[in-house]
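**Q** Generate a structure from the sequence data that follows.
(4 chains)
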Number of protein chains: 4
Amino acid sequence: MSGSIFGKHFTVSTFGESHGPAIGVIIDGCPSNIPLSKEDIMKNMVRRKPGNTKIATARKESDEIEILSGVFEGKTTGAPICLMIRNEDQRSHNYDHLKDIYRPSHADYTYHLKYENRDYRGGGRASARETAARVAAGSVAMRILDELGIHIKAYTKALGSIVINDNEIDYNEIANNLLSMPHAQKANDALKLIAQMKEEQDSIGGIVECQVTGLPVGIGEPVFDRLDACLGQAIMSINAVKAFEVGEGVKASSMKGSTYNDAFYTTTELDHYGEANYKSHGFSGNAHPLCKRVLKHTNHSGGILGGLSDGSPVVFRAHFKPTPSIAKPQQTLNHNLENVEVSIQGRHDPTVVARAVVVVESMAALTICDLLLRGATSRIDQVKAAYQH
Amino acid sequence: MSGSIFGKHFTVSTFGESHGPAIGVIIDGCPSNIPLSKEDIMKNMVRRKPGNTKIATARKESDEIEILSGVFEGKTTGAPICLMIRNEDQRSHNYDHLKDIYRPSHADYTYHLKYENRDYRGGGRASARETAARVAAGSVAMRILDELGIHIKAYTKALGSIVINDNEIDYNEIANNLLSMPHAQKANDALKLIAQMKEEQDSIGGIVECQVTGLPVGIGEPVFDRLDACLGQAIMSINAVKAFEVGEGVKASSMKGSTYNDAFYTTTELDHYGEANYKSHGFSGNAHPLCKRVLKHTNHSGGILGGLSDGSPVVFRAHFKPTPSIAKPQQTLNHNLENVEVSIQGRHDPTVVARAVVVVESMAALTICDLLLRGATSRIDQVKAAYQH
Amino acid sequence: MSGSIFGKHFTVSTFGESHGPAIGVIIDGCPSNIPLSKEDIMKNMVRRKPGNTKIATARKESDEIEILSGVFEGKTTGAPICLMIRNEDQRSHNYDHLKDIYRPSHADYTYHLKYENRDYRGGGRASARETAARVAAGSVAMRILDELGIHIKAYTKALGSIVINDNEIDYNEIANNLLSMPHAQKANDALKLIAQMKEEQDSIGGIVECQVTGLPVGIGEPVFDRLDACLGQAIMSINAVKAFEVGEGVKASSMKGSTYNDAFYTTTELDHYGEANYKSHGFSGNAHPLCKRVLKHTNHSGGILGGLSDGSPVVFRAHFKPTPSIAKPQQTLNHNLENVEVSIQGRHDPTVVARAVVVVESMAALTICDLLLRGATSRIDQVKAAYQH
Amino acid sequence: MSGSIFGKHFTVSTFGESHGPAIGVIIDGCPSNIPLSKEDIMKNMVRRKPGNTKIATARKESDEIEILSGVFEGKTTGAPICLMIRNEDQRSHNYDHLKDIYRPSHADYTYHLKYENRDYRGGGRASARETAARVAAGSVAMRILDELGIHIKAYTKALGSIVINDNEIDYNEIANNLLSMPHAQKANDALKLIAQMKEEQDSIGGIVECQVTGLPVGIGEPVFDRLDACLGQAIMSINAVKAFEVGEGVKASSMKGSTYNDAFYTTTELDHYGEANYKSHGFSGNAHPLCKRVLKHTNHSGGILGGLSDGSPVVFRAHFKPTPSIAKPQQTLNHNLENVEVSIQGRHDPTVVARAVVVVESMAALTICDLLLRGATSRIDQVKAAYQH
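**A** Okay, the predicted model is just below:
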C-alpha cells in the first residue's frame, strides 16, 4: 500500500483501519498564519458521523479530533498538521462471522490476495471509516480556500431513481434534511425509499453533485494534472464511486459542437475576482478594462477549459453504487473457496450518499488547495510577489 | 505548468507544442531487458495519426518516432527512454486570424490568464497533438504489459446517438472501420453522421470503451491511488473527456445492492493467472486448491473491488465532448474583450473519438504499468523474490 | 513547510513539535507480512532517549511508542503504519526567557522570517526532538532490512579532537559506553571532555561513522537518486550535520587515481549474496560461476560505484557541529532587533553525537529501504518474479 | 533506473547516454515570461565542453543546444522546456577493448549486475557526459534566479594538495585560467600538476567551492528538504563527488559551541533584501525597523540555519575523487570474472574538477530554484499575493 498520500504541494497522508486504535492524517505544506480551531474541523466531522439510525449505521463514534501538531496559539505555524481520531465503538466481534468470508462487492478478496494478510474487522483499511481522515484534512483545506473567497458546496442530486433536476434545486433546503438534498419533497421521498430499503434488507445508490465558486481563472496544471483530471482521481478514490462527470458529463458524448460550446461575453458587473482577472490581462490602453468581466452564456464545460478553471462555477458529479453490505442473503466464497451463503449483519448504511456529501466536498477542497498552491508560481511576477511583498 | 509528469514509478514526462519544433516524452523507471523497436511504437502512432480526410484533420504528419536514449541493441537498458517526434506540417499562418481570439470551449482564455503569454499557434501546449507523446510512451508500457500477458483493447462505443449495446459488440469488426467500432452497420451509420457534421460545419461527441484482460488480482494502491482513481485521472486528462465510468458507471447510482453486487463462485478451469492466485492464498490443507479459480457471475464492478483489480476484465468508458473547433460561426471575445464572431477554419476533426481510441489505450497502459511496478513490493515475499532469483 | 516527507516508495511523513501534544510518523509503502512489535521500535528509541545526565539533557521522556495502524496480529498488513509518541516532560516555561530571542546558530531567526509565526517552545519543529519520529520509522525499515540480511551499524568516530583511527576500531566496545565509541580508552577520554564542556558551559562537535553490510549489488537509482546522493540528503537533513563523506570522503580530493581506484578480484568463498550475484550474471558456459565472489582489494569507494552499492560495506560519515545551546553568555538579537546577551538555560546536551548515532542508523535504513524497494523492478525478470511466484 | 528526475516543483528529467543519439532534459514547472535565449544556455555549456587538450578529454562536442519546446517569441511560456544536444564525436569503437571489462572505480560492474544489460560505450548512462543535460537545465534555473537577484559562483578551491585558503581568494582570477581557480599562482601550479599527471598516466582529485548570494532568508523546507540536505543530494549526485561540506564542514566536528556559533548583530546599511526582510517582521511600533539589517559576525554556518537560508552567503564544497579512467595499467576482472590487466585508452580528463565547476553551479541553481518556488507559499499572505496582484 503505497497510495495513502494525496497531493504534491499540499500533501495529505492518511492512516488507520476501521477497528484499529485510531485513524488520522498528516497535512504537509499548509501555509502558516491561517486561523484554525478544532471547531473548524468538527463542524464537518459531524456531517459525516455515523449514528443517525434513520439513514446510517448505528455505530457510535464521537469522531473527536485531536490536533497533535502544526497549530500554535490558534494559527497554523507552517509545520505538518496531524489530526487524530480515536476509534471507540468498534464491536470487532460483530465481524467474527465474516472472518473468512469474501463479502461480495467488498475489498476482502482483492486485499487478501494482494497482501496475503487480512484485517477482517470491519473492512480494515478499505472501510469507509477511512474517509473521516479525509474530512478532517479537507476541513483545513476549506479554511485556506475561505481565505481566498473560494467556496465548495455539495448535495445529494439523486437517490436511486429520485433525481432532482437542475431547475428544481433549492440550496436553502440542503441543510433541512438528513440527506442534504436541495429539494424538500424529493428529500421526503428519498427518506421513504431508504426506509423501504432497510425493510427489504437492501441498499440503494445515488448521485452527489458539487459546485465550487470563487475560483480564480487558471487553476489546474496542464497536461496530466488538469483540474478535472485531479478531481477525477480524488473523487474516484472515494469508496463506492463508479463514475465521475464534469459539466454536461455523459451527455456531452451525444452533443454537437454548436450546441455544446459555451459562448463568451463580457459584463460590467464585477465580482470578487473580476478586477484581478483584468489586471492580469495587462491592459492599459483600453478605456475601461477593469469595468468588464468575462462570462459565458452557458456552462456546459462545468467551469473548466483546457483543464484549467475558467471563472464559471466548477460543477461535477459523483455516482455512488449501492452499499455493498446488505442483510439479504448472498452467494459467495470463503477462504477455502467453498460456496457459502452470507447475510451481512452489523450496522450498515442503506445508502452511502448521505454521509458522502461532506467527503466529496473534502476531496474537492484537497484537490483545489493543492493545485492552487502549485499554481501560485505559474508566472515570474507571481514568484517575485511572493518574495518582495 | 508543473503537471506534465505522470506516474510515480513508471514516470513519463512529456513536452512539446502543436507548432513548436518537436514533441516527445521521457520515460523513467522502465525495467531493463524488454525488447523494444521503433515499430512497436509506430504501429500505435499510425492509429492516432492525422491525415485521413474522411474523419480527421488533413494535417499531414508522418509522426516518425526517434528513439534518443534508453535502448541498446534492441532492448531497454533501464536508462530513461526519450522518444521524439518532429513537427512537420505546421502551417502556423492558418492560426493568424485566431491570434487574439478566445475560441469558445478551447483553452485559449484560461491559458492566457494563467500564463499571460499565449502560444496561439494551433493551441500550443493545449493542442491534442500533445497526445502523440502519450501514445509513444503508452506503446512502451504496452510492451511491458505484453510480457506479463496483460492486454488492453479500446473501441468506439458510441458516436452521438449511435450507441453499440454490450450484446452487439463484435471485436472482429474493430479493425475493419476507420472509427474502431465493434459493429459493422453502426460504423457505417457513424461515418455518415460524420459526413453530415462536416457538411453542417459542426462536430459530434462520442464514447470510447476500454477493456483490460490478464491483469493479476490486486493491482492498485489503496487508498488514493486505487486503480479506478488513477485511471480516472489518466482518462480525464485526455483532451475533451468530460466523464469517466467504471463497470456499471452512472447506472450504479440508481441500482439496489442486491442487483449490483457481483457474486463470487469458483471454477476448475484455469487461466493464465489461475495458478498464481491460488498459490498466493497459501493453501495447504485444501484438497485441490490449484484446480479452482475465483470468478464472478456478473461484472458490475468493472473488474475493480476496493480499488484493486479483481481478476475480471477491467472495463471503463470515456465520454468525449464534440470537437470545439467548428467552422459554423460562433460568438466570442478577443483579447480586448470585444465581442467578435469567429468561424474556425483550418484542419479539424469533426469528432475526436476515432483518433482518441489509441490514446485511451495508451493512458490505460501507462496507469496500469505504473501501478503494477509499484505493487511489485506489496508483500515481503515479493521483495525477497526480486533479490534472490 | 512542505518537506516533512522522505522517500518515494517507502515513504515516511513526520509531524510534531518539541512541546506540542505529540510527535510521530506515518510510513506508507511498507510491505505486508513483516513481523513487527512495539519492542522492535522501543529498543532503538531508548538509544536516542534523553535523560542520562552524564551526557544528555535531563528532560525525562519515556518515548513510549503507540502503534496506531498498519499492524495486525503482530505483522504488518501493508496499510500505512502510524507511530505516535506523546510529549511528556515539556516544561515550556523554561523557554519563556527565550520567547523573543534569536538564539545564535539556532533556527529561530530563519523560521521566524519564513513563517512569520514562531513556536518558541524548545525550538518547535526545528527541535532535535523531531528525530525521535525518524528513529521510530527507521526501526521499521531496519526490520525489513533484517529480513534481507542487511545490517546497519553506526558509532561515534570522534568527539572534538579525540578521533578513533580505522585500525583502532573495536566493535565490541560500542555497547560498553554511553557514547557508542568503538574504543574503551578513547570513550573514557571523551566522557571527560564532556564533563569539561559542561563545566565550561560549552559544547563540542563530533563524527558519527556508519557501516552497512549485506547490501546486494546495485542498490541506488541513477542519476539523481544515487545511493550516495540519497544518503547525502538523509544525513544532511539531521540537525547539526555540517558535512557528509563516503569512503575516503574529503581525502579523495587530494588523491591520485592510481592510489584511489579499488582493484577487483574474485574469491571462492561465498557470503549471503554471493550466489545471487553470480546468478544474476546469467553465466551458464562458465565452469564454476557460483564458486566465485567479486571483491575489491581496497574500499576507497565506500561501497558505492556509479551511485550503486558495489557489494562491499557501505561506509559513510556525518560531521556534527557542537550543540548550539550553551549556557556561556552570547551576543545576539531579539525580535525588536536590539542587541541582547543570552545565556541559554534549560536542559541541553553538551554534544549531540551520543544520541545521534541511532538517528544516523535510522536515516540510513530509511534511505536504503526506499531505494531497495524501488530497485526491485530494475529488470523485467524481477517484475515477472513478483507476480509469478 | 527510476532516479532521473530531480526537484519537486521545478522538476528536471534528464535522458541520454554518452554514445547514444542525443542527451537532454525536460524542465517542468518553469514560470512563464522569463526571457530565455539559446545563448543563455550556451554560455554555460561552453564552460563544461570537452576539447581543451590541456586539461580535458580531446573528444570534440559542439554541445549545440536545441530548444524543442516551452519558449515562444523569446520568453518561457510556462510549458515544459525540452533542451536537446546531439552527440557527435562518439568514436564508440574506442571502447571495444573495454566491452567486457569491469573498469576499476567505474560503474561498469554495478550497472551490469543491476540491469544485466550493459551499454559499454563510454560508460553509457553513467558517463559524465550526462552532466551536460544538467548544465543546460541549470542555465534556465540561473535565469530565474537572476530575476530575483540571486547569484551563484563556483570555483576550484583545490587540486590535489594545492589548496587556496579563504584569505587568498581573488574572484577576479577565476575567469583567467582554465581551472577556474581564484588565485593566479596556484592556478599555474595546478596546470603543471595536471601536465605531470598526464605524463604519469595518472589522475588527480580536487575541491570545488560554491557561493550563493542574494538569497532571501528562509529558503529550504523543513525537515527533510532542508537547503543543506537538498544541496547534499544534488552535489553528491554529481559523478566522482565523495564528500559535501557546508560552511565549516568537517572542521565543525572538532569545534566548541562558543567558537562555532555565529553571533547576530544589526546594521543600518541596506542591501537588496534588507527592506523585504524587515517588512516581513510586521514591525510597526519599532522606530526604524527598515533601517536595520540582520548580519552575523561570522559565517561558520555557511549561510544556513535550521536548514533554511539565513541571509548570509551560502557556502559549500564538493570533494571530487581523481578521474577513474587512467592509462596506467590496473588489475581488474572481465565479465567471465577472470583476472585481467587494463590500461584505459581513449580521451579522458586527468582531473574532473575543471569542467565540474559549472556542473556544481548548475546543481546548486536547480536545487535553489526548486526550493524557492516551493517556498513561495509558506505563508497565507504569499498565497494571497500570488492571486491578487
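**Q** okay, CA-based contacts and neighbour counts for the rest of this
**A** Noted.
**Q** Enumerate the residues of chain A near chain C.
**A** When proximity is defined as C-alpha under 8 Å from any C-alpha of the partner chain, chain A approaches chain C at A:1-5, A:9-11, A:13-17, A:20-23, A:26, A:28-33, A:68-70, A:72, A:77-82, A:115-119, A:125.
**Q** Which of those residues fall in helices?
**A** Using DSSP state H, the members of the residues of chain A next to chain C that fall in helices are A:Tyr115.
**Q** List buried residues within the residues of chain A next to chain C.
**A** With neighbours counted using 16 or more other C-alpha atoms under 10 Å in any protein chain shown, the residues of chain A next to chain C contain these buried positions: A:1-5, A:9-11, A:13-17, A:20-23, A:26, A:28-33, A:68-70, A:72, A:77-82, A:115-119, A:125.
**Q** Contacts made by stretch A:255-264 with the rest, please.
**A** Stretch A:255-264 has contacts (C-alpha atoms under 8 Å, 6 or more residues apart in numbering or on different chains) with A:252, A:294-301, B:104-105, B:160, B:202-205, B:321-326, B:328, B:330-333.
**Q** Check stretch A:121-134 too.
**A** A:14-20, A:23-25, A:45, A:48, A:63, A:83-85, A:92-93, A:95-96, A:99, A:107-108, A:118-119, A:238-239, A:359, A:362-363, B:222-223, B:306, C:79.
**Q** ok, and of these, which contact chain D?
**A** Near chain D, by the rule C-alpha under 8 Å from any C-alpha, you find none of the contacts of stretch A:121-134.
**Q** Now, of these, which are buried?
**A** By 16+ other C-alpha under 10 Å, the contacts of stretch A:121-134 give A:14-20, A:23-25, A:45, A:48, A:63, A:83-85, A:95, A:99, A:107-108, A:118-119, A:238-239, A:359, A:362-363, B:222-223, B:306, C:79 as buried.
**Q** could you point out which element follows the least confident helix or strand in chain A by mean pLDDT?
**A** When the helices and strands of chain A are scored by mean pLDDT, DSSP states H and E, helix A:274-279 comes last with a mean of 44. Once helix A:274-279 ends, the next helix or strand along the chain (criterion: DSSP states H and E) is strand A:293-296.
**Q** got the CA positions of that following strand in PDB?
**A** What follows is strand A:293-296 as a C-alpha-only set of coordinates in PDB (Å, rounded to 0.1, in the frame of the first residue of the first chain):
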ATOM      1  CA  ARG A 293     -15.800  40.700 -16.600                       C
ATOM      2  CA  VAL A 294     -15.700  37.700 -18.900                       C
ATOM      3  CA  LEU A 295     -18.700  35.400 -18.600                       C
ATOM      4  CA  LYS A 296     -20.200  32.500 -20.600                       C
END
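**Q** Next up, phi/psi of A:Ser301, please.
**A** Note on A:Ser301: its backbone torsions stand at phi -70, psi -10 [degrees, to the nearest 10].
**Q** Also A:Arg118?
**A** phi -130, psi 120.
**Q** Disregarding residues adjacent in the polypeptide, which is nearest to it?
**A** A:His112 (5.5 Å; C-alpha to C-alpha, 6 or more residues apart in numbering or on different chains).
**Q** isn't there a strand covering the one you found?
**A** No: if the criterion is DSSP: H, G, I helix; E, B strand; the rest coil, then A:His112 is helix and not within a strand.
**Q** Next one: it relative to B:Asp262, how far apart?
**A** 17 Å (C-alpha to C-alpha, to the nearest Å).
**Q** Which of those two has more residues huddled nearby?
**A** Remark: of A:His112 and B:Asp262, B:Asp262 carries more neighbours, 23 against 20, as counted by other C-alpha atoms under 10 Å in any protein chain shown.
**Q** if we can go back for a sec, go through the contacts of stretch A:255-264 and flag which are in helices.
**A** Checked against DSSP H, those include nothing in helices.
**Q** For ChimeraX, write the select line for the buried members of the residues you listed.
**A** To isolate the buried members of the contacts of stretch A:255-264 in ChimeraX, using 16+ other C-alpha under 10 Å:
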select /A:252,294,295,296,299,300,301 /B:104,105,160,202,203,204,205,321,322,323,324,325,326,328,330,332,333
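**Q** out of the contacts of stretch A:255-264, which are inside strands?
**A** Judged by DSSP state E, the contacts of stretch A:255-264 include A:Val294, A:Leu295, A:Lys296, B:Gln330, B:Gln331, B:Thr332, B:Leu333 as members of strands.
**Q** Closest one of those residues to chain D?
**A** A:Val294 (17.1 Å; C-alpha to the nearest C-alpha).
**Q** Please look at that closest one and A:Ser312 and confirm they touch.
**A** No: judged on C-alpha atoms under 8 Å, A:Val294 makes no contact with A:Ser312 at a distance of 9.3 Å.
**Q** The spatially closest residue to A:Thr332 that is not a sequence neighbour: neighbour count?
**A** Nearest residue to A:Thr332, sequence neighbours excluded (C-alpha to C-alpha, 6+ apart): B:Phe264, at 4.8 Å. Here the number of neighbours of B:Phe264 (other C-alpha under 10 Å) works out to 23.
**Q** Specify the beta-bridge partners of B:Phe264.
**A** On the basis of DSSP bridges, B:Phe264 is bridged to B:Lys296.
**Q** do you know how far it is from A:Pro104?
**A** Noted for B:Phe264: a distance of 7 Å to A:Pro104, by C-alpha to C-alpha.
**Q** Then A:Val360?
**A** From A:Val360 to A:Pro104 the distance is 25 Å (C-alpha to C-alpha).
**Q** wait, isn't A:Tyr387 in contact with D:Ala376?
**A** Yes: with contact defined as C-alpha under 8 Å, A:Tyr387 counts as touching D:Ala376 (7.1 Å).
**Q** okay, and the common contacts of those two?
**A** D:Gln382.
**Q** Looking only at neighbour counts, state which of these two leads.
**A** Using other C-alpha under 10 Å as the criterion, A:Tyr387 and D:Ala376 rank with D:Ala376 on top: 27 against 20.
**Q** From chain B, how far off is the more buried one?
**A** 15 Å (C-alpha to the nearest C-alpha, to the nearest Å).
**Q** for that residue, what are its contacts?
**A** A:Ala376, A:Thr377, A:Val383, A:Ala386, A:Tyr387, D:Gln382, D:Val383.
**Q** Model confidence score at the nearest residue to the fourth one once chain neighbours are set aside, please.
**A** Spatial nearest neighbour of A:Ala386, excluding adjacent residues (C-alpha to C-alpha, 6+ apart): D:Gln382 at 4.9 Å. For D:Gln382, the pLDDT comes out at 95.
**Q** D:Gln382 belongs to a helix?
**A** Yes: assessed with three-state DSSP, D:Gln382 lies in a helix.
**Q** What is the burial count for it?
**A** For D:Gln382, the neighbour count with other C-alpha under 10 Å is 24.
**Q** same check, this time on A:Glu66
**A** Neighbour tally, A:Glu66, other C-alpha under 10 Å: 15.
**Q** just A:Lys192 next, same as before
**A** Residues lying near A:Lys192 (other C-alpha under 10 Å) number 12.
**Q** which residues sit in contact with A:Glu168?
**A** By C-alpha under 8 Å, 6+ apart, the contact set of A:Glu168 is A:His183.
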